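> next comes the sequence, and after it the predicted model I'd like to discuss.
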Amino acid sequence: MTATTPAPDSDLPGRIMAREMAEQPAVLRRILDEGAPRIRQVAQEVAARKPRFVLLTARGTSDNAALYAKYLLEIRLGLPCGLTSMSTTTAYGAHPDLTDVLVVTVSQSGGSPDLVASTRAAREAGAITVAVTNNPDSPLAAVSEYHVDIMAGPEKALPATKTYTASLLALYLFVEGLRGGDGAAAKALPDLAEQLLARQDEVRTLASRYRFAERMVITSRGYGYPTAREAALKLMETSYIPALAYPAPTSCTAPRHGRQRLPGHRGGDRRQGRRRPPARPGPAARPGRRPGRHRPGRPGRAGLGRFRPARRGRPRGTPAGPGDPPAPAPRLRGHHRPRSGPGRAPRPGQGDGDPLSPWPGHRNCHDQPVPHRTRHR
């Protein structure tokens with residue numbers, strides 16, 4: 001992000017995008033000086049027809065700009081507003097009644113066939129159609145009744161930058177014209193854009209903090225939410241980082257549940273009550289290996305843990321022969337150890353009172369009496 005135009009022969013990645021970002025202050029001034037009168041004239045003609053509600057049609061970056069217009073129309077004008085589904089008319093052949101409905105189509109190029117077909121169908125259904133594009137000679141501008149030129153100039157980089165901010169300003173001036181305003185509050189935008197582009201060192205320092213991030217979540221509310229969606233789209237387009245944009249939570253507890261919990265988050269499976277997959281079988285369960293004495297592992301390993309060969313006698317885990325006592329249950333460790341019953345820790349004063357034992361009342365880890373001559377060392 002630089003405020004100066006890179007050299008034409010520069011091989012730095014993103015040089016075209018950086019050059020177009022640096023053109024934003026000039027684009028905003030051009031709209032305010034040259035495009036605002038025409039935008040105000042279109043808005044006055046549309047307002048005279050008194051539309052009953054508004055439908056917005058767009059895709060990608062233009063869809064985020066249309067969402068910004070939705071906030072403006074609903075908050076400043078009080079008009080019901082929604083985003084259209086183009087496939088209802090282009091793929092399914094629906095014929096809605098759009099009499100006295102304002103349909104605003106936002107597109108940078110104005111050449112998307114689905115946008116053109118949807119706008120044509122809306123105009124045939126009786127809608128008031130307005131195209132907001134960067135190309136006055138585009139097919140979308142030809143099929144629409146009115147056209148608003150964002151005057152951003154050619155944009156060669158794949159990620160849209162100056163056309164997005166130019167669309168925001170053009171839509172703001174259009175809504176201000178619908179309500180009879182002059183849009184004087186937007187005159188400070190070019191200077192503010194220059195000040196922001198001059199803070200490249202500060203932005204680079206902040207960006208280096210997240211250079212190894214594996215995923216990003218961007219939150220905002222109100223008028224800033226469409227730009228949060230656009231920032232997530234830019235991260236995926238330029239850095240290939242999975243990024244999501246969500247409305248900012250309304251309380252301090254909202255990020256702890258619901259869709260703010262990302263898949264793969266550390267501890268997310270346990271906190272959401274999901275069962276972990278079964279643990280990998282231990283060496284004793286593999287064929288061709290002599291079972292050994294059970295040596296418990298860390299808790300939470302499906303009870304298998306590690307094994308080691310038995311020192312003497314019948315190894316634990318082998319089937320009992322005739323006359324042999326039943327094999328004891330495996331011992332549990334840590335917080336999985338029961339407070340009573342098999343597996344509990346020995347307590348003083350409990351046992352069989354074997355006189356051969358130097359520790360009268362000693363019991364093994366399976367809560368069984370252990371004489372001195374057979375006690376494990």
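All right, it came through fine. Just so it is clear, the model here is predicted, and its values are computed rather than measured.
> all the helices of the stretch 151-300 of the chain, residue numbers only.
With helices called from DSSP state H, counting those that start in this stretch, the stretch 151-300 of the chain shows them at 162-178, 189-197, 200-208, 225-238, 268-271.
> ok, which of those helices comes nearest R15?
With Cβ to Cβ as the criterion, R15 lies closest to helix 225-238 of the helices of the stretch 151-300 of the chain, at 12.5 Å. Placement of C-beta: from N, CA and C, glycine included.
> nearest residue to R215 other than its sequence neighbours?
Nearest residue to R215 in three dimensions, chain neighbours excluded: P242, at 4.6 Å (Cβ to Cβ, 6 or more residues apart in numbering).
> list the contacts of the one you found.
E214, R215, M216, M236 (Cβ atoms under 8 Å, 6 or more residues apart in numbering).
> isn't the second one right next to S239, touching?
What that stands for is R215. No. R215 is beyond contact range of S239, at 11.1 Å (criterion: Cβ atoms under 8 Å).
> what are the phi and psi values for N134?
phi -100, psi 10 (degrees, to the nearest 10).
> and if you look at N135?
phi -140, psi 100.
> ok, the closest residue in space to it that isn't next to it in sequence - how many residues close by?
In space, and not counting its chain neighbours, N135 is closest to G110: 4.8 Å by Cβ to Cβ, 6+ apart. Look at G110: counted by other Cβ atoms under 10 Å, it has 26 neighbours.
> and if you look at A188?
Neighbour count for A188, taken as other Cβ under 10 Å: 10.
> and for the one 5 residues further on?
Residue crowding around A193 was assessed by other Cβ under 10 Å; the count is 22.
> could you find the closest non-adjacent residue to it?
Using Cβ to Cβ, 6+ apart, the closest residue to A193 is P25 (4.4 Å).
> so that neighbour sits against Q195, correct?
No. The pair P25 / Q195 is not scored as a contact, 9.4 Å apart, by Cβ under 8 Å.
> with neighbour numbers in mind, choose between the two.
Neighbour totals were compared for P25 and Q195, and P25 leads with 20 against 11 (other Cβ under 10 Å).
> now do the contacts for that one.
Contacts for P25 (Cβ under 8 Å, 6+ apart) come out as P190, D191, A193, E194, L197.
> by neighbours, which of those residues wins?
A193 (22 neighbours).
> list the contacts of that one.
Q24, P25, L28, T165.
> reformat these as TSV; add secondary structure, pLDDT and distance to P154.
Shown next, in TSV, are the contacts of A193 (DSSP: H, G, I helix; E, B strand; the rest coil; pLDDT from 0 to 100; distance: Cβ to Cβ, whole Å):
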residue	secondary structure	pLDDT	distance to P154
Q24	helix	96	14
P25	helix	96	17
L28	helix	96	17
T165	helix	96	16
